[in-house]
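Novice: Model the following, please.
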Amino acid sequence: MNRKVSVLMLVMFVVLAGCAASFEVKAYKTLATAGITYDAGMKTVADLQKQGKVTAEQRTEINRYANFFYTAYQTACSAFVSYKKTGAGESAVTQAITAMSAAWSTFAANANRIVPAVLTPTLPSEVQ
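Specialist: You can find the predicted model right below:
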């Protein structure tokens, strides 16, 4: 399952890297990639738990770090929605996406400490 997440991330990174798009499109794609990556990562953790490779205690700890990322992700999404409504606040979106990426790095590092190589260490992003 981890291989699927890595392949998905590589494909998304190549697509994003080759795309000369507007700020809005780049921000949208970055947020979409983050959502997909989070979902795939948490499904991988759930699968590993079902297989008995992740204990309930480990899952609780992973979820605690996941919540920090998810909060940052929601903040970035809210900043983007506000930007879409007003056309202003590009720097707020960029800052929120940067914070979200940092939260992912913390989440991934801790999840990988608990269950080695379960998550990709960074999120690809064009908006930073």
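Novice: remind me, longest helix of the chain?
Specialist: The residue-count maximum for a helix in the chain (DSSP state H) belongs to helix 56-86.
Novice: Check which residues of that one are buried.
Specialist: Neighbour counts over helix 56-86 (16 or more other CB atoms under 10 Å) mark 58-59, 61-62, 65-66, 69-70, 72-73, 75-77, 79-80, 83 as buried. Any C-beta I mention is one placed from the backbone N, CA and C, and that applies to glycine too.
Novice: Show me what the strand or helix carrying residue 26 is packed against.
Specialist: Residue 26 is part of helix 23-50 when elements are defined by DSSP states H and E. Using 3 or more CB pairs under 8 Å, 6 or more residues apart in numbering; DSSP states H and E, the elements in contact with helix 23-50 are helix 2-17, helix 56-86, helix 90-114.
Novice: What residues does the residue positioned nearest the centre of the chain make contact with?
Specialist: Centroid-nearest residue in the chain: residue 34, 3.3 Å away (criterion: CA atoms, centre = their mean). The contact partners of residue 34, by CB atoms under 8 Å, 6 or more residues apart in numbering, come to 73, 76, 100-101, 104, 123.
Novice: Look up phi and psi at residue 123.
Specialist: phi -100, psi 130 (degrees, to the nearest 10).
Novice: how close does the nearest residue to it once chain neighbours are set aside sit to residue 71?
Specialist: Spatial nearest neighbour of residue 123, chain neighbours left out: residue 104 (4.8 Å); criterion: CB to CB, 6 or more residues apart in numbering. Note on residue 104: its distance to residue 71, by CB to CB, to the nearest Å, is 12 Å.
Novice: Kindly report the same for residue 92.
Specialist: Relative to residue 71, residue 92 is positioned 16 Å away (CB to CB).
Novice: related to what we said a few turns ago, what two of the buried residues of helix 56-86 are the furthest from one another?
Specialist: Using CB to CB, the two most remote members of those are 58 and 83, lying 37.5 Å apart.
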